[in-house]
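Enquirer: What follows is a protein structure lacking sequence information:
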């Protein structure tokens, strides 16, 4: 539960120790470091073992052939054996014996997948190529794609590779299960998430809408299950996030409200998934300056997740960032700083300093300090965020998002010291508008630029007045302008 995309059942021993580690600070940092370095590999391996053996194990079976119930030399099960062989070292009881990079696993698994013929008809192959039932290959592509998509320090290359595998999974799934199946809908949903992570909002919207349409038809059909309402709500929320990030706020707001309504009806008023959707709507309302409407949503989301997950869960940091923005907008800077600092502390304890989420929390704290007038403290936070960003190579929109905060604060520092801030303010505004930052950030950059323009105009006018002949009039001083 301590890492995004990792439920308690898939947490490594080190990850599960973090909340209760009471050792010296250096020992606690060692535990956190081991968890961060090997959690991706551990959770991926547990998923693979669970999928291929039907049982959630901490170790793959010692005899893979016996587990398969087939001859150990059978080529038909070569991919299964190779996957289990890759999973085994990832689940070693000694963390230092595990592969310390997920990158070491990916090439081998990719090679195994690419060298496996997909048996769509589940019929024996006529050649010597290893074959595996198509549905199983599709699940392996989806497993690898999702693991790459949810990596703790995901990079652009991870997201590119994730998209490739999720596209392969979808193509096979549509062949096997059909375009209108629940399996195809789930595969489309994952592919949409990969497109969103890459900033490809048009493609993400297209896949989310197709997945949602299928889920809605299944929900109203004879095959509807008790969980379909939750699935539809999740699809609606995913589509809303894409539209929100694309700047289509009116459409996104309506979809968030629909997702909340569906979630309350299907999952109950205290379900953690509902907290995510409440917080999403609160972010949107804050972006539009509707703080009185946003605050109760955020407070409710925080209460739901603190009750379900505890006060130090990583999701709590998102709600704290939102509350910090709200308090800052209202001028309650001390409360805003308190919320933002707590959010940074949670993410540093879980992820360490060199992580994208930690960088984003530091950026929020930097904005709060800057709005309060503590420009040097703000600069420290923004610079730390950008330094972490350089280490983990996040996607370009994230890097630009962090840079907007840095540039706005730098423009304020230059103005405070009597230097021109026009060039920096202009860059901040252009970048904020390009990546569709919240209205408050765009307004901050625009205000700095307008102040600079006014000062420049005032200085120029003073110079012109001082050099003007007695009685000379300047166009526009008293006449209307065209």
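Expert: Yep, it's here. Remember, predicted model here, so these are calculated numbers, not experimental data.
Enquirer: Sketch out the helices for the stretch 51-200 of the chain, chain order is fine.
Expert: Taking DSSP state H, counting those that start in this stretch, the helices of the stretch 51-200 of the chain run over residues 64-68, 78-90, 106-114, 134-149, 156-177, 182-197.
Enquirer: In CSV: these, plus mean neighbour count, mean pLDDT and distance to residue 368.
Expert: In short, each C-beta sits where N, CA and C put it, glycine included. Shown next, in CSV, are the helices of the stretch 51-200 of the chain (neighbours: other Cβ atoms under 10 Å; pLDDT from 0 to 100; distance: least, Cβ to Cβ, whole Å):
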stretch, mean neighbour count, mean pLDDT, distance to residue 368
helix 64-68, 16, 43, 54
helix 78-90, 20, 74, 40
helix 106-114, 15, 68, 39
helix 134-149, 23, 77, 30
helix 156-177, 20, 86, 29
helix 182-197, 23, 92, 27
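Enquirer: Tabulate the ones you listed (CSV), appending distance to residue 209.
Expert: Listed next are these as CSV, based on distance: least, Cβ to Cβ, whole Å:
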stretch, distance to residue 209
helix 64-68, 40
helix 78-90, 33
helix 106-114, 29
helix 134-149, 20
helix 156-177, 15
helix 182-197, 9
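Enquirer: Contact partners for the closest residue in space to residue 317 that isn't next to it in sequence?
Expert: Counting by Cβ to Cβ, 6 or more residues apart in numbering, residue 343 is the residue found nearest to residue 317 once chain neighbours are left out, at 4.1 Å. Under the criterion of Cβ atoms under 8 Å, 6 or more residues apart in numbering, the neighbours of residue 343 are 316-318, 320-321, 324, 361, 364-365.
Enquirer: ok, residue 343 to residue 373 distance?
Expert: According to Cβ to Cβ, to the nearest Å, residue 343 stands 21 Å off from residue 373.
Enquirer: same check, this time on residue 384
Expert: Distance, residue 384 to residue 373, using Cβ to Cβ: 19 Å.
Enquirer: Then residue 46?
Expert: Counting by Cβ to Cβ, the gap from residue 46 to residue 373 is 49 Å.
Enquirer: in terms of contact, does residue 289 touch residue 330 like I think?
Expert: No: applying Cβ atoms under 8 Å, one finds residue 289 not in contact with residue 330, separated by 11.1 Å.
Enquirer: burial count for residue 105?
Expert: The local packing of residue 105 (other Cβ atoms under 10 Å) involves 21 other residues.
Enquirer: should've said residue 220
Expert: Neighbour count for residue 220, taken as other Cβ under 10 Å: 11.
Enquirer: Likewise for residue 417?
Expert: Residue 417 has 9 neighbouring residues, counting by other Cβ under 10 Å.
Enquirer: The one 5 residues further on now?
Expert: Burial measure for residue 422: 18 neighbouring residues, criterion other Cβ under 10 Å.
Enquirer: Hmm, residue 445 and it touching each other?
Expert: No: if you go by Cβ under 8 Å, residue 422 and residue 445 don't touch, sitting 11.6 Å apart.
Enquirer: Would you map the strands across the stretch 251-400 of the chain?
Expert: Taking DSSP state E, counting those that start in this stretch, the stretch 251-400 of the chain contains no strands at all.
Enquirer: where along it do the helices fall?
Expert: For the stretch 251-400 of the chain, the helices defined by DSSP H, counting those that start in this stretch occupy 272-287, 291-309, 314-329, 333-351, 356-372, 375-392, 396-416.
Enquirer: that older thread, can you tell me which of the helices of the stretch 51-200 of the chain is nearest to residue 219?
Expert: Ranking the helices of the stretch 51-200 of the chain by proximity to residue 219 (Cβ to Cβ) places helix 182-197 first, at 9.9 Å.
Enquirer: Contacts for the closest one next, please.
Expert: Residues contacting helix 182-197 (Cβ under 8 Å, 6+ apart): 135, 138, 142, 145-146, 149, 154, 159, 162-163, 166-167, 169-170, 173-174, 176-178, 201, 203-208, 210-211, 214-215, 218, 223, 231, 234-235, 238, 241-242, 245, 395.
Enquirer: gap between the two ends of stretch 138-158?
Expert: From its first residue to its last, stretch 138-158 covers 19 Å (Cα to Cα, to the nearest Å).
Enquirer: so how many other residues sit close to the residue nearest to residue 99 when sequence neighbours are not counted?
Expert: Distance criterion Cβ to Cβ, 6+ apart; nearest residue to residue 99, sequence neighbours excluded, is residue 41 at 5.6 Å. Close neighbours of residue 41, defined as other Cβ under 10 Å, add up to 25.
Enquirer: gap between residue 41 and residue 98?
Expert: Remark: distance between residue 41 and residue 98 (Cβ to Cβ) = 6 Å.
Enquirer: Find residues that contact each of those two.
Expert: residue 90.
Enquirer: Can you give me the pLDDT of residue 77?
Expert: Per-residue pLDDT puts residue 77 at 61.
Enquirer: which regions of the stretch 351-482 of the chain lie under the pLDDT threshold?
Expert: Residue ranges of the stretch 351-482 of the chain with pLDDT under 70: 391-397, 435-440, 451-482.
Enquirer: make it 50
Expert: 456-482 (pLDDT under 50).
Enquirer: Quick one: residues contacting the residue nearest to residue 329 when sequence neighbours are not counted.
Expert: Residue nearest to residue 329 in three dimensions, not counting chain neighbours: residue 291, with 5.3 Å by Cβ to Cβ, 6+ apart. Counting by Cβ under 8 Å, 6+ apart, residue 291 touches 285, 326, 329-330.
Enquirer: Quickly note the distance from residue 291 to residue 307.
Expert: Counting by Cβ to Cβ, the gap from residue 291 to residue 307 is 24 Å.
Enquirer: go on, residue 425?
Expert: For residue 425, the distance to residue 307 - Cβ to Cβ - is 44 Å.
Enquirer: I'd like to know how many residues surround residue 427.
Expert: For residue 427, using other Cβ under 10 Å, the count is 18.
Enquirer: does it sit in a helix or strand, and which one?
Expert: helix 422-434 (DSSP states H and E).
Enquirer: thinking again about what came up before, which pLDDT value goes with the residue nearest to residue 99?
Expert: For residue 41, the model assigns a pLDDT of 74.
Enquirer: Surely it and residue 92 touch.
Expert: No: Residue 41 sits out of contact with residue 92 when judged by Cβ under 8 Å, with a separation of 9.8 Å.
Enquirer: tally of neighbours for residue 265?
Expert: For residue 265, the count of nearby residues is 12 (other Cβ under 10 Å).
Enquirer: Where does pLDDT dip in the stretch 201-350 of the chain?
Expert: For the stretch 201-350 of the chain, the ranges with pLDDT under 50 are 222-227.
Enquirer: switch to 70 and redo it
Expert: Counting by pLDDT under 70, the stretch 201-350 of the chain shows low-confidence ranges at 221-229.
Enquirer: Of residue 384 and residue 373, which one has the most company?
Expert: Counted by other Cβ under 10 Å, residue 384 and residue 373 do not tie: residue 384 has more neighbours, with 18 against 11.
Enquirer: Before I go, just wanted to say thanks for your time.
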